[in-house]
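Chemist: can't give you the sequence, but here's the structure:
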């Protein structure tokens, strides 16, 4: 099976069993070995007391992008360290795009960067994640 097809099947399997990513309204725009691009819209029920998006929203979007990108090569992977920097506030109706890229990959460790931009192409958050790659392969 070509790596691109395998990546799409793994991410589809993960997404179909991920009610939280579904609740966020995440759309998968592009998936391939070691990367993915996701999109979602900020809804009213995602706002905090300042009427801006709760920080957990961008974090959750980025975490899903990390999970999909890091598992897309076929080995099951789990995060061991993550961090996020928020650069702009988000409002109801904003459309977010998360682009996860693989910066480093070894047998057991992967490093990923997730850039989150708004509908105007502005960087609204920068997420970095480290994953542990288990020996367990995805069965697709």
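Modeler: Alright, I've got the coordinates. Computed from a predicted structure; not experimentally measured.
Chemist: and the residue nearest the centre of this structure?
Modeler: What sits nearest the mean C-alpha location of the chain, by CA atoms, centre = their mean, is residue 65, with 1.2 Å.
Chemist: now the helix or strand it falls within, how far from the centre of its chain.
Modeler: Here residue 65 sits within helix 55-71, counting by DSSP states H and E. Distance, stretch centre to chain centre, for helix 55-71: 3 Å (CA atoms, centre = their mean, to the nearest Å).
Chemist: and it, what's buried?
Modeler: 57-71 (16 or more other CB atoms under 10 Å). Bear in mind the C-beta positions are built from the backbone N, C-alpha and C, glycine included.
Chemist: quick check: longest strand of the protein.
Modeler: If you go by DSSP state E, the chain has its longest strand at strand 123-137.
Chemist: which non-adjacent residue is nearest residue 92?
Modeler: Spatial nearest neighbour of residue 92, excluding adjacent residues (CB to CB, 6 or more residues apart in numbering): residue 44 at 5.2 Å.
Chemist: please report phi then psi for the one you found.
Modeler: The phi/psi pair for residue 44 (degrees, to the nearest 10) reads phi -60, psi -40.
Chemist: repeat for residue 37
Modeler: phi -130, psi 130.
Chemist: state the distance from it to residue 70.
Modeler: Residue 37 is 14 Å from residue 70, where distance means CB to CB, to the nearest Å.
Chemist: same deal with residue 102?
Modeler: According to CB to CB, residue 102 and residue 70 sit 8 Å apart.
Chemist: overlap in contacts, those two.
Modeler: Jointly contacting residue 102 and residue 70 under the rule CB atoms under 8 Å, 6 or more residues apart in numbering are 34, 110, 112.
Chemist: what comes up buried for stretch 104-120?
Modeler: Within stretch 104-120, the residues that count as buried by 16+ other CB under 10 Å are 105, 110, 111, 112, 113, 114, 115, 116, 117, 118.
Chemist: surely the second one and residue 104 touch.
Modeler: It stands for residue 110. Yes. Here residue 110 reaches residue 104: they are 6.7 Å apart, a contact under CB atoms under 8 Å.
Chemist: picking up where we left off before, just the closest of the shared contacts of residue 102 and residue 70 to residue 26, please.
Modeler: Taking CB to CB as the measure, residue 26 lies nearest residue 112 of the shared contacts of residue 102 and residue 70, at 16.6 Å.
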